[in-house]
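Undergrad: Provided below for reference: sequence and predicted model.
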Amino acid sequence: MTERTVKKSIKELSPLDVYKLLPRITPPCGECGEKNCMAFAVKAVTREVALEKCVPLLTEKYKAEYVQLRDLLAPPVKEITVGIGDRSVKIGGKAVQYRHELTYHNPTPIAIDIADEMPDNQILERVKAVESFRYNYIGRILKLDMIAVRSSSNDPSRFGAVVQKVAEATALPLILCSFNPEVIEAGLRTVYNKRPLIYAAAENNWNKMAELAVKYNCPLVVHASEDLRMLKSLVKTLVEYGVEDLVLDPGTFVGEGLANTINNFTMIRRSACGGDKLLGFPILGAPIAVWKERTEPKELLMWKEACLASILLTRYTDILIMHSLEGWVLLPNIIWRFNIYTDPSKPVSVEAGLKIFGTPNVDSPVMITTNYALTFFTVESDIRSANIDCFLIVVDTGGLSVESSVAGRYLTAETITEALRKSGIEEKVKHRYLIIPGLAARLSGDIEQLSGWQVLVGPRDSSGIPTFLKDRWPPKKE
Ligand code: SF4
């Protein structure tokens, strides 16, 4: 028997369950930005809109319904905020175990560690490196999220000084790491108003850590190495003590312990989604654990850390602590994270329309592509790196690639002709030649017939655009 009272899980909820409790004002007030209460209910169930967007629901009149709805829509994994303001991160808040059941929310923040025994200049360099880490992936800027300050010295005054130095250099949320409550308090005193995450309460220090979490109003990690019974018992005790924002750390192990680690993470998330309230908190994973094995070559440890991070991202980790700052370790993981947390039912797309590269003139080439983000940014990158002056018309294919949109009839002679018309390209060039992707070759006859433009079938891969233009542009008059 689990502790959670029996109620429908989020995936069993129907929009009608939510609709019944909404104000249902007639005619619909639309203050939520939706056409009516049913449209709002549909989005609330899939967590595309926050309950608080329904303004009338927040009034005294509907207080009881609001509380009921909040409970109904509460995810089985509690959402916890670390840090304050714009740079704060939300962790957990998961509604389901598997991504195909409902889109995941709150991408796993990645924290990079700083040990308090590092020299001051190295500490500041690491903070700067974390802050400036950026990667543009199909138009989205991917970043690192947090800094974990570790007390390797076990000296409260050194730890307090380092936490202060880090907090002065960055607004990123912090994790304060030590099992010594005196050390943690020294850190908390310097960032008492910034809501850092405290790591960690364990069997032998939980009461002092709980006191600190309550006193400074900070979320707290609960640690119990490979012992889920102990973990639950600690959670129960801490909740009764009054600490409500908890993060679970069942321990991260490598080598022979890895299978057990994955098993524990999976058991926790499965139990939470099955209604076990004591395990309904975000999970902390620590790929940094590979660095305990200092006898191995550095590159091998970095490679192991990269692999472990991707495994933990996949298996339910809501917050990660890592050590490596090298691009080849972090990039695969931030891209993997992006993909896990992207709605699989909505392809990543860019805005359709006319894009201008360089300084094209009336004789410049006109090309088309689709608005699938990966397709667009690949084409864009190939055009820019070859310094081509041209016009590119991006056709709205619902975010599908060229091949899929031709097969699914999203890229057709009709949609292309319409995109040409809307783009106003006829006023920008004096020729009527249109270069289409090689993968859309079979549309060329229909496009010519419908649009009146003459089609040149371009390369199947956009990397061939520079050579294609060199050989075929301007087109020879027939
Ligand atoms: S704001 Fe609330 S009451 Fe008004 S239409 Fe939206 S859901 Fe209905």
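TA: Sure thing, it's come through.
Undergrad: Show me the strands in the stretch 1-150 of the chain, by range?
TA: Using DSSP state E, counting those that start in this stretch, the strands of the stretch 1-150 of the chain run over 79-82, 89-92, 110-115, 134-137, 140-143, 146-150.
Undergrad: brain fart, the stretch 251-400 of the chain
TA: 284-285, 319-322, 353-357, 366-370, 390-395.
Undergrad: Contacts only, for the residue nearest the centre of the chain.
TA: Centroid-nearest residue in the chain, with C-alpha atoms, centre = their mean: Pro107, separated by 3.3 Å. If you count contacts by C-beta atoms under 8 Å, 6 or more residues apart in numbering, Pro107 has them with Arg337, Phe338, Ile340, Tyr341. Using the backbone N, CA and C atoms, a C-beta is placed for each residue, glycine as well.
Undergrad: Of those - the most surrounded one?
TA: Arg337 (21 neighbours; other C-beta atoms under 10 Å).
Undergrad: what separates that one from Val67, distance-wise?
TA: Shown here: Arg337 relative to Val67, a distance of 34 Å by C-beta to C-beta, to the nearest Å.
Undergrad: The residue nearest to the centre of the chain and the ligand: what is the separation?
TA: Noted for Pro107: a distance of 28 Å to the ligand, by C-beta to the nearest ligand atom, to the nearest Å.
Undergrad: Equivalent analysis for Ala441, please.
TA: For Ala441, the distance to the ligand - C-beta to the nearest ligand atom - is 48 Å.
Undergrad: Can you name the residues of the protein sitting close to the ligand?
TA: When proximity is defined as C-beta under 6 Å from any ligand atom, the chain approaches the ligand at 22-23, 25, 28-32, 34, 36-37, 40, 54-57.
Undergrad: Can I get the buried part of the residues you listed as one PyMOL selection?
TA: A single PyMOL command is used to select the members of the residues of the chain next to the ligand judged buried by 16 or more other C-beta atoms under 10 Å:
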select buried, resi 22+23+28+32+34+36+37+40+54+56+57
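Undergrad: Report the residue ranges of every domain in the chain.
TA: 10-73, 79-340, 353-472 (automatic domain parsing).
Undergrad: just how off-centre is the second one within its chain?
TA: If I follow you right, that is domain 79-340. 16 Å (C-alpha atoms, centre = their mean, to the nearest Å).
Undergrad: Likewise for the shortest one?
TA: Using C-alpha atoms, centre = their mean, the distance from the centre of domain 10-73 to the centre of the chain it belongs to is 26 Å.
Undergrad: Now for Ile112: which residues touch it?
TA: Arg126, Ala129, Val130, Leu144, Met146, Ile147, Ala148, Ile321, Met322, His323, Leu325.
Undergrad: and those, which two are the farthest apart?
TA: Ala129 and Ile321 (15.9 Å; C-beta to C-beta).
Undergrad: Comparing those two, which shows the higher neighbour count?
TA: Ile321 (27 against 13).
Undergrad: related to what we said a few turns ago, so which of the strands of the stretch 251-400 of the chain is nearest Glu403?
TA: So among those, strand 366-370 is nearest, using C-beta to C-beta, at 9.4 Å.
Undergrad: ok, residues contacting that closest one?
TA: Applying C-beta under 8 Å, 6+ apart, the contact partners of strand 366-370 are 375-376, 379, 390-395, 397, 400-402, 405, 410-411, 416, 419, 425, 429, 431, 433-437, 458, 462, 465.
Undergrad: quick one: Leu300 from the ligand, how far?
TA: Taking C-beta to the nearest ligand atom, one finds Leu300 at 55 Å from the ligand.
Undergrad: correction: Leu325
TA: 46 Å.
Undergrad: Ile198 too?
TA: Taken as C-beta to the nearest ligand atom, the span from Ile198 to the ligand is 38 Å.
Undergrad: Check Leu443 too.
TA: Taken as C-beta to the nearest ligand atom, the span from Leu443 to the ligand is 43 Å.
Undergrad: Sketch out the low-pLDDT regions of the stretch 101-250 of the chain for me.
TA: In the prediction, the stretch 101-250 of the chain carries no residues with pLDDT under 70.
Undergrad: Helices of that one, residue ranges please.
TA: 120-132, 156-169, 181-190, 206-216, 228-241 (DSSP state H, counting those that start in this stretch).
Undergrad: Leaving out the residues flanking it, which one is nearest to Val55?
TA: Spatially, and ignoring its direct neighbours in sequence, Val55 is nearest to Glu31 (4.3 Å; C-beta to C-beta, 6 or more residues apart in numbering).
Undergrad: pLDDT score assigned to the one you found?
TA: Looking at Glu31, its pLDDT stands at 95.
Undergrad: can you check the one 10 residues further on too?
TA: In this model, Ala41 is scored at 94, pLDDT.
Undergrad: what ranges do the helices span in the stretch 251-400 of the chain?
TA: So, for the stretch 251-400 of the chain - with DSSP H, counting those that start in this stretch - the helices run 258-273, 298-314, 327-340, 373-385.
Undergrad: any idea how far Arg189 is from Glu418?
TA: On the measure of C-beta to C-beta, Glu418 and Arg189 end up 64 Å apart.
Undergrad: Then Val45?
TA: In terms of C-beta to C-beta, Val45 sits 44 Å off from Arg189.
Undergrad: Tell me who's in contact with Asn180.
TA: Counted by C-beta under 8 Å, 6+ apart, Asn180 has contacts Ser151, Asn154, Pro156, Asn205.
Undergrad: Can I get the buried ones among those residues as something I can paste into PyMOL?
TA: Command for PyMOL that selects the buried part of those, burial taken from 16+ other C-beta under 10 Å:
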select buried, resi 151+156+205
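Undergrad: Now, the contacts of Asn180 that are in strands?
TA: Among the contacts of Asn180, no residue falls in strands (DSSP state E).
Undergrad: Can you tell me which of the contacts of Asn180 comes closest to the ligand?
TA: For these, the residue nearest the ligand by C-beta to the nearest ligand atom is Asn205; the value is 46.7 Å.
Undergrad: Got phi/psi on that closest one?
TA: Main-chain dihedrals, Asn205, degrees, to the nearest 10: phi -140, psi 10.
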